[in-house]
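Chemist: give me coordinates for this.
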Amino acid sequence: MNANQLKYLLRNFYTMQMKIEFIEKYANKNNESIIKNTYYENKRIVEMIKDVCNILEDEEKFIIQTHLICHHTWTETTEMFSKKFGYEKERSERTLKRFQNKAIQKMLVLINTTKEFS
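Modeler: Sure thing, here's the model as predicted:
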């Protein structure tokens, strides 16, 4: 997996969660294998993202959550970061982008290392 693929998955995290919930709630247990495959693939990805986020520092996790998963702009993310972590820890947009890239790289190392053992 590369950085762009991971960002795509993070941007679609809530959509995947909603698909899982919808299938669990409304799908017939004897449904087609396509629905089952979609369900299990989405569930696997959602669980992987939740697990891999645990290796991140609080600031990195906040930026991934706010910018990529919740789709806030960099301006909004910067503002929210200052409010959450205090104005004495205020960071520029450029710094937050570096934090995000560092977090993505940490996540990729774990994902790609784990993939080797699958």
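
Chemist: look up phi and psi at residue 72.
Modeler: phi -80, psi 150 (degrees, to the nearest 10).

Chemist: got a list of what it touches?
Modeler: Contact analysis of residue 72 by C-beta atoms under 8 Å, 6 or more residues apart in numbering lists 66, 80. Every C-beta, even on glycine, is put in place using the N, C-alpha and C of the backbone.

Chemist: where does residue 40 fall, secondary structure wise?
Modeler: Using DSSP states H and E, residue 40 maps to helix 33-53.

Chemist: likewise residue 109?
Modeler: helix 93-117.

Chemist: what's the offset of that helix from the middle of its chain?
Modeler: Its chain's C-alpha centre and that of helix 93-117 lie 11 Å apart, by C-alpha atoms, centre = their mean, to the nearest Å.

Chemist: that one - contacts with which helices or strands?
Modeler: With contacts taken as 3 or more C-beta pairs under 8 Å, 6 or more residues apart in numbering; DSSP states H and E, helix 93-117 sits against helix 3-11, helix 33-53, helix 58-63, helix 74-85.

Chemist: now do 6 Å
Modeler: When contacts are defined as 3 or more C-beta pairs under 6 Å, 6 or more residues apart in numbering; DSSP states H and E, helix 93-117 sits against helix 58-63, helix 74-85.

Chemist: what pLDDT, on average, does that helix get?
Modeler: For helix 93-117, mean pLDDT rounds to 90.

Chemist: separation between the spatially closest residue to residue 52 that is not a sequence neighbour and residue 97?
Modeler: Closest residue to residue 52 apart from its sequence neighbours, by C-beta to C-beta, 6 or more residues apart in numbering: residue 107 at 4.8 Å. Remark: distance between residue 107 and residue 97 (C-beta to C-beta, to the nearest Å) = 16 Å.

Chemist: ok, those two, which is more surrounded?
Modeler: residue 107 (24 against 16; other C-beta atoms under 10 Å).

Chemist: state whether that one and residue 50 are indeed in contact, as I suppose.
Modeler: No: in this structure, residue 107 is not within contact of residue 50 by C-beta atoms under 6 Å, at 11.5 Å.

Chemist: ok, back up a step: need the helices and strands packed on helix 93-117 in JSON lines (columns: distance to residue 111 and mean neighbour count).
Modeler: Supplementary listing: those in JSON lines, determined by distance: least, C-beta to C-beta, whole Å; neighbours: other C-beta atoms under 10 Å:
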{"stretch": "helix 58-63", "distance to residue 111": "15", "mean neighbour count": "18"}
{"stretch": "helix 74-85", "distance to residue 111": "23", "mean neighbour count": "16"}
